[in-house]
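K.L.:
Need coordinates for the following:
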Amino acid sequence: MTKVKITALALAALCWGGMAQAQKLKGIDEPEVTRLIRTLSADDMQGRASFTPGGEKAADFISSEFEKTKLKPLPGEVDFKQTFKIYHLTPSTIKATLNGETLPADKLFARTNYQSINWTQAGDAEIVTISESDDFRKAFTEVNKLEKNTLVLVHPKHEKMFEAYRQHLSRGSVLKETGNGYSRVFALTGLSTASDFTVEAENKIDGKKLTNVGGMIEGKRKSEFVVFSGHYDHIGIQKPIDGDSIANGADDDASGITAMMMLAKHYKKHGKSERSILFVAFAAEEIGGYGSRHFSEQLNPDEIVAMFNIEMVGKPSKFGPNSAYLTGFERSDLGKLMQHNLQGTTYSLHPDPYPEQNLFYRSDNATLARLGVPAHTISSVQIDKDKTYHTVNDEFEMLDMPHMTSMIKAIAIASKGVVSGKETPTRVDKSQVQ
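P.N.:
Residues are numbered from 1 along each chain as shown. Presented below is the predicted three-dimensional model:
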């Protein structure tokens, strides 16, 4: 009987501790969550595509919220905007002659980061074939790993896939750097080799500006950083559906940015933390993760203790109310530490239930994970069933505000051990990250 009483008392104490903890999170409230995400996903943000006025407006809004929260700029920055340059390459002209026969332009495309290509002799490039029996997608990937200039002769059987890739690349590509690396030129032809060839290509290259938005709460351990992040860009204006052409990106990823800003407000109210906390809204996740890549180059990754990346937390997960999942759960023990901190609360965290979706590599956490940082994404979207992902229907009205507010509270509780310096997650094995 005594043992039962003690167990009951212990359970009650545990539950009371969880309830008391939740009481301390009153700074995270649904009206403020609603205000932030409504603003970020409003039509006047125009879908927050990179290089657009809507994207810049979103960056300005996030920066103004950091100012209100009284954050400091990121290390090495003078304000909340971490601006950097990338390049947009647009194909202009391409010509090729194989064994004396000139190919039409619609049978050619190039993958390069040079402004021009001029191959006039066999030594300028190696010839590789994608034969009738090859898997085009797999062969295309393998060719692009080759450390040499390559002329790729593609069998006509692959005409449909060839044209799809040509059309995609004709719209241009975003580059971090230009004028280095290797070029590949793909030619749709019945030839299996070419004893002589010439290839000429011209591209237009424009430098463009991108901006991460970041703020900091400096901790007692100034060079130990904990990162909370999300991406603020989305896919902008799309083909109209029922008269609506704006892909508002409410769940993807205004929800994650809202969560990150709310966590900044929450931790700021707690005064000086043990570790320094960085709050970052990344640019250009949707076009290649360029924002997180630039951010990762500004700090020593060994000084980043953990990254809590937040993406698509506006809808309930398959695990029920007040639950979320963590991508790459097995790659460090950050998830287990978070689960431990959530014991006795109404919140729960689970391993990613969609390994076939490759979610660990589909968000900004992957960049830092490749550098060994325990960097994971927290999400709750049922990605296998979600009908609004990357559509004009990803709007505020589709979200569950009580759930989203709960998710932010759960992240606050789950991260407290790392922020306080009491817990340090194991590092990700860089050799096991693609």
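
K.L.:
ok, the longest strand that the chain contains: who's next to it in the sheet?
P.N.:
For the chain, the longest strand by residue count, based on DSSP state E, is strand 197-217. When sheet partners are counted by DSSP bridges, strand 197-217 sits next to strand 72-73 (antiparallel), strand 81-98 (antiparallel), strand 116-119 (antiparallel), strand 275-282 (antiparallel).

K.L.:
Identify the residue nearest Lys204 in space, chain neighbours excluded?
P.N.:
Thr90 (4.6 Å; CB to CB, 6 or more residues apart in numbering). C-beta: built from backbone N, CA, C; applies to glycine.

K.L.:
so that neighbour makes contact with Glu202?
P.N.:
No. In this structure, Thr90 is not within contact of Glu202 by CB atoms under 8 Å, at 10.3 Å.

K.L.:
before we move on, back to that, burial of the residue nearest to Lys204, as a residue count?
P.N.:
The tally of other residues near Thr90 (other CB atoms under 10 Å) stands at 13.

K.L.:
measure it to Ser348 for me?
P.N.:
Distance of Thr90 to Ser348, computed by CB to CB, to the nearest Å: 48 Å.

K.L.:
do the same with Ala58
P.N.:
For Ala58, the distance to Ser348 - CB to CB - is 31 Å.

K.L.:
same question, Ala410
P.N.:
8 Å.

K.L.:
do Phe197 as well
P.N.:
Distance from Phe197 to Ser348, by CB to CB: 61 Å.

K.L.:
So which of those two has more stuff around it?
P.N.:
Remark: of Phe197 and Ser348, Phe197 carries more neighbours, 25 against 19, as counted by other CB under 10 Å.

K.L.:
Quick check: closest non-adjacent residue to the more buried one.
P.N.:
Counting by CB to CB, 6+ apart, Phe197 lies nearest to Leu98, which is 5.0 Å off, once chain neighbours are set aside.

K.L.:
Specify the beta-bridge partners of the one you found.
P.N.:
Bridge pairing for Leu98 (DSSP bridges) gives the partners Glu101, Phe197.

K.L.:
and it, what does it touch?
P.N.:
153, 187, 189, 191, 194, 196-197 (CB atoms under 8 Å, 6 or more residues apart in numbering).

K.L.:
can you check Glu330 too?
P.N.:
By CB under 8 Å, 6+ apart, the contact list for Glu330 reads Pro351.

K.L.:
In three-state terms, how would it be classified?
P.N.:
Counting by DSSP: H, G, I helix; E, B strand; the rest coil, the backbone at Glu330 sits in helix.

K.L.:
And the strands in the stretch 151-300 of the chain, which stretches?
P.N.:
Ranges of strands in the stretch 151-300 of the chain, per DSSP state E, counting those that start in this stretch, are 173-175, 184-188, 197-217, 221-231, 237-241, 244-246, 275-282.

K.L.:
right, so these: which one is the most enclosed?
P.N.:
Stretch with highest mean neighbour count among the strands of the stretch 151-300 of the chain: strand 275-282 (a mean of 26; mean count of other CB atoms under 10 Å).

K.L.:
Now do that strand and strand 221-231, the angle between them.
P.N.:
Calculated by axes from the mean of the first three to the mean of the last three CA atoms, to 10 degrees, strand 275-282 forms an angle of 30 degrees with strand 221-231.

K.L.:
re the thing from before, among the strands of the stretch 151-300 of the chain, which comes closest to Glu297?
P.N.:
With CB to CB, the closest approach to Glu297 among the strands of the stretch 151-300 of the chain belongs to strand 197-217: 11.4 Å.

K.L.:
Quick one: mean pLDDT over that closest one.
P.N.:
Mean per-residue pLDDT for strand 197-217: 96.

K.L.:
Likewise for stretch 90-105?
P.N.:
Mean pLDDT, stretch 90-105: 96.

K.L.:
ok so, going back, Ser133 is nearest to which of the strands of the stretch 151-300 of the chain?
P.N.:
Ser133 lies closest to strand 184-188 among the strands of the stretch 151-300 of the chain, at 16.3 Å (CB to CB).

K.L.:
isn't Asp124 right up against Asn149?
P.N.:
Yes. Between Asp124 and Asn149 there is a contact under CB under 8 Å: 6.3 Å.

K.L.:
so what's Thr39 up against?
P.N.:
45, 61.

K.L.:
in this structure, which spans are helices?
P.N.:
Secondary structure of the chain, counting by DSSP state H: helices at 2-23, 30-40, 53-69, 136-143, 159-170, 255-269, 290-296, 334-342, 365-369, 401-419.

K.L.:
What distance do you get for Gly271 to Ile217?
P.N.:
Going from Gly271 to Ile217 by CB to CB gives 9 Å.

K.L.:
whoops, I mixed them up, Ile411
P.N.:
For Ile411, the distance to Ile217 - CB to CB - is 16 Å.

K.L.:
same question, Thr258
P.N.:
Thr258 sits at a distance of 18 Å from Ile217 (criterion: CB to CB).

K.L.:
go on, Phe319?
P.N.:
Relative to Ile217, Phe319 is positioned 31 Å away (CB to CB).

K.L.:
Next: Thr346.
P.N.:
Distance from Thr346 to Ile217, by CB to CB: 27 Å.

K.L.:
can you check Ile383 too?
P.N.:
From Ile383 to Ile217 the distance is 32 Å (CB to CB).
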